[in-house]
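**Q** Need the 3D shape of this:
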Amino acid sequence: MSVSAWLGLLAICCLGAMSPGPSLAMVVRHTLGGGRTKGIVCAWAHSIGIGVYALVTLLGLGVLLKQAPLVFNGIAILGALYLAYIGVQALRSKGGMSDKLAAGKATSTLTAARDGLAISLFNPKIMLFFLALFSQFVLAADNLWGQSLIVLTPLVVDGLWYTLIALLLSHRSVLPKLRANARTIDRLSGVVLILLAIRVLVTI
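**A** The predicted model follows:
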């Protein structure tokens, strides 16, 4: 893979990671619920899911999904239902993350990892991202080193970006303000997740 091709891949991965969506909402919620460590765990679990998509695309399964619309639509529907479920859970949150902390119900490391991985694996937006944009770079990976870059670049970029988010949100001057508005954040993230789910179902 040439340097120019890798820089193009890096730029697209950065734009994809930085775009706001349910992944950002999930990292924010776990940072509020469990602090910096849980936010970082969620971030890197999410990046593992990104790496899985990169590997799948590299192996050519992305092409298979394009040629099998029933499979593609089935995965998209499952992803939309999962996003809607998380959104409903956020809307039903009675006191937001701040009250959960006060009650000693901070999110666990396992929960942070599970949600981070699931939100990436079942997010149709990420699947569409790889199918529509990422596949073109697979052709440029003509050796093992290039193939490794195809998988590791989006994984590392995603993990580092959301780690930065978790670090910023958990700063002692920022986190108290976020916790004070945790209920609003819960509700906003819930609405965003449900709207995204509806959009996916409507556009299938």
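**Q** Now find how far off-centre the helix or strand residue 202 falls within is within its chain.
**A** Using DSSP states H and E, residue 202 maps to helix 182-203. Relative to its parent chain, helix 182-203 has a centroid offset of 14 Å by Cα atoms, centre = their mean, to the nearest Å.
**Q** now do stretch 83-92
**A** 16 Å.
**Q** Contacts for it next, please.
**A** 22, 25-26, 29, 115, 119, 122-123, 186-187, 189-194, 196-198, 200 (Cβ atoms under 8 Å, 6 or more residues apart in numbering). Heads up, the C-betas are built off the backbone N, CA and C, glycines and all.
**Q** And the buried ones among those residues, selectable in PyMOL?
**A** Buried residues among those (16 or more other Cβ atoms under 10 Å), as a PyMOL selection:
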select buried, resi 22+25+26+29+115+119+122+123+186+187+189+190+192+193+194+196+197+200
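**Q** Surely residue 201 touches residue 73?
**A** No: contact criterion Cβ atoms under 8 Å: residue 201 and residue 73 do not qualify, at 10.0 Å.
**Q** Which other helices and strands does the helix or strand where residue 27 lies contact?
**A** In the assignment (DSSP H and E), residue 27 maps to helix 22-34. Counting contacts by 3 or more Cβ pairs under 8 Å, 6 or more residues apart in numbering; DSSP states H and E, helix 22-34 is packed against helix 36-58, helix 69-91, helix 96-102, helix 109-121, helix 144-169, helix 175-180, helix 182-203.
**Q** Serialize the ones you listed to JSON lines and add fields for distance to residue 12 and mean pLDDT.
**A** Output for the helices and strands packed on helix 22-34, formatted as JSON lines (distance: least, Cβ to Cβ, whole Å; pLDDT from 0 to 100):
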{"stretch": "helix 36-58", "distance to residue 12": "12", "mean pLDDT": "90"}
{"stretch": "helix 69-91", "distance to residue 12": "21", "mean pLDDT": "76"}
{"stretch": "helix 96-102", "distance to residue 12": "32", "mean pLDDT": "47"}
{"stretch": "helix 109-121", "distance to residue 12": "16", "mean pLDDT": "90"}
{"stretch": "helix 144-169", "distance to residue 12": "9", "mean pLDDT": "90"}
{"stretch": "helix 175-180", "distance to residue 12": "30", "mean pLDDT": "64"}
{"stretch": "helix 182-203", "distance to residue 12": "21", "mean pLDDT": "75"}
